[in-house]
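>>> let's see this in three dimensions:
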Amino acid sequence: MPFKPRRSTERELRRRCKQVAKEVARITSTGADATSVVYALEEYAQLLAPWAQDVMLKIVEMSDAQNIGMWRELGAKMAERLHTLYTRDAVAIAIRDLSLEGARLITSIPLDIAVEVETAAQAAAMTGTRHEALSEYIASRGGVAQSRAELIARTEVSRQTTILTQTRAVSIGSEGYIWRTADDGRVRPSHAAMDGQFVKWSEPPTLDGLTGHAGALPNCRCYPEPIV
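Numbers count the residues shown, from 1 in each chain. Take a look at the predicted model:
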């Protein structure tokens with residue numbers, strides 16, 4: 001039974017991240033000077049933090065609810081035992097950590113743009129760049145924010161699903177999993193080569209210079225099929 005991350009959760013996170021990116025685009029397109037834009041972005045990030053934590057907790061809880069469903073489908077005979085294991089501290093800790101990391105990523109959208117704008121303004125002051133050119137650059141950051149929102153939504157839900165799967169699998173004695181890919185033409189060659197391979201939870205592979213399990217690498221649409 002596939003342990004794939006659910007697209008519905010990814011769509012919900014993408015919608016939330018795009019809300020942030022839209023506000024960043026509004027701030028950067030006002031035509032205000034760089035100092036005012038940086039101040040507005042940093043102020044927005046501060047106001048955003050509590051909301052981001054709430055949003056990410058809900059997203060992780062959605063991933064967790066779906067992950068529980070995946071496990072229950074493994075077999076009715078195991079359901080009662082697994083239900084008890086689901087309440088273990090390890091899962092609670094994973095949910096907390098995933099929520100905090102996800103909130104940090106959402107908040108980083110305006111903060112990173114603020115740093116880019118401030119850096120560009122300093123460079124412009126040193127090189128005598130025209131005001132119009134700096135304004136155009138600042139306005140273009142809205143599109144960058146949209147791209148980062150897409151990346152967070154695409155990557156985070158998959159990573160959350162993998163970590164929750166790993167946490168539960170290890171708690172019932174699983175030593176590893178079978179690597180499964182999205183099985184289409186967009187799969188990277190290094191990931192396609194892993195399809196069907198057994199991987200130990202304690203030994204994440206290194207692919208293209210990055211180390212991690214199926215689904216936990218940037219832009220990875222693969223997923224782990226645990227061996228129980």
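>>> what's the following helix or strand after the helix or strand of the chain with the lowest mean pLDDT?
Ranked by mean pLDDT, DSSP states H and E, the weakest helix or strand in the chain is helix 76-86, scoring a mean of 61. Moving toward the C-terminus from helix 76-86, the next helix or strand (DSSP states H and E) is helix 89-127.
>>> now that following helix: average pLDDT?
The average pLDDT for helix 89-127 rounds to 91.
>>> now for the very next helix or strand once past that helix, which elements pack on it?
Per DSSP H and E, the first helix or strand lying C-terminal to helix 89-127 is helix 131-171. For helix 131-171, the packing partners by 3 or more Cβ pairs under 8 Å, 6 or more residues apart in numbering; DSSP states H and E come out as helix 7-28, helix 34-72, helix 76-86, helix 89-127, strand 176-180, strand 223-227. For glycine as for every other residue, the C-beta is placed from the backbone atoms N, C-alpha and C.
>>> ok, now which ones touch Val60?
Ile95, Leu98, Ser99, Gly102, Gln160 (Cβ atoms under 8 Å, 6 or more residues apart in numbering).
>>> report pLDDT for it.
91.
>>> domain assignment for this structure?
Domain assignment of the chain by automatic domain parsing yields the ranges 7-172, 174-228.
>>> now the last one: how far from the chain's centre is it?
The reference is to domain 174-228. Distance of domain 174-228 from the chain centroid (Cα atoms, centre = their mean, to the nearest Å) equals 17 Å.
>>> now the end-to-end length of that domain.
5 Å (Cα to Cα, to the nearest Å).
>>> so His213 belongs to a strand, correct?
No. Looking at His213 with DSSP: H, G, I helix; E, B strand; the rest coil, it is coil, so not inside a strand.
>>> flag every buried residue along stretch 207-222.
For stretch 207-222, the buried set under the neighbour-count rule, 16 or more other Cβ atoms under 10 Å, comprises Leu207, His213, Ala214, Gly215, Ala216, Leu217, Cys220, Arg221, Cys222.
>>> returning to that earlier point: in terms of mean pLDDT, which of the domains of the chain ranks lowest?
What stands lowest among the domains of the chain, in mean pLDDT terms, is domain 7-172, with a mean of 88.
>>> geometric centre of this structure: which residue is closest?
Glu156 (2.0 Å; Cα atoms, centre = their mean).
>>> wait, which of the helices and strands packed on helix 131-171 is closest to Gln166?
strand 223-227 (7.0 Å; Cβ to Cβ).
>>> got the buried residues for that closest one?
Tyr223, Pro224, Glu225, Pro226.
>>> just those residues now: which is nearest Arg130?
Tyr223 (49.6 Å).
>>> do I have it right that that closest one meets Ala216?
No. Counting by Cβ atoms under 8 Å, Tyr223 stays clear of Ala216, with 9.7 Å between them.
>>> okay, and the common contacts of these two?
Ser158, Thr162.
>>> list the contacts for the closest residue in space to Glu118 that isn't next to it in sequence?
In space, and not counting its chain neighbours, Glu118 is closest to Val38: 4.7 Å by Cβ to Cβ, 6 or more residues apart in numbering. Going by Cβ under 8 Å, 6+ apart, Val38 touches Ala114, Val117, Glu118, Ala121.
>>> I figured the second one hits Leu41, correct?
The reference is to Val117. Yes. Using Cβ under 8 Å, Val117 is in contact with Leu41, at 7.0 Å.
>>> so what's in contact with the two at the same time?
Shared contacts of Val117 and Leu41, defined by Cβ under 8 Å, 6+ apart, comprise Thr28.
>>> quick one, which of those two is more surrounded?
Taking other Cβ atoms under 10 Å, Val117 and Leu41 do not tie; Leu41 has more neighbours (26 against 23).
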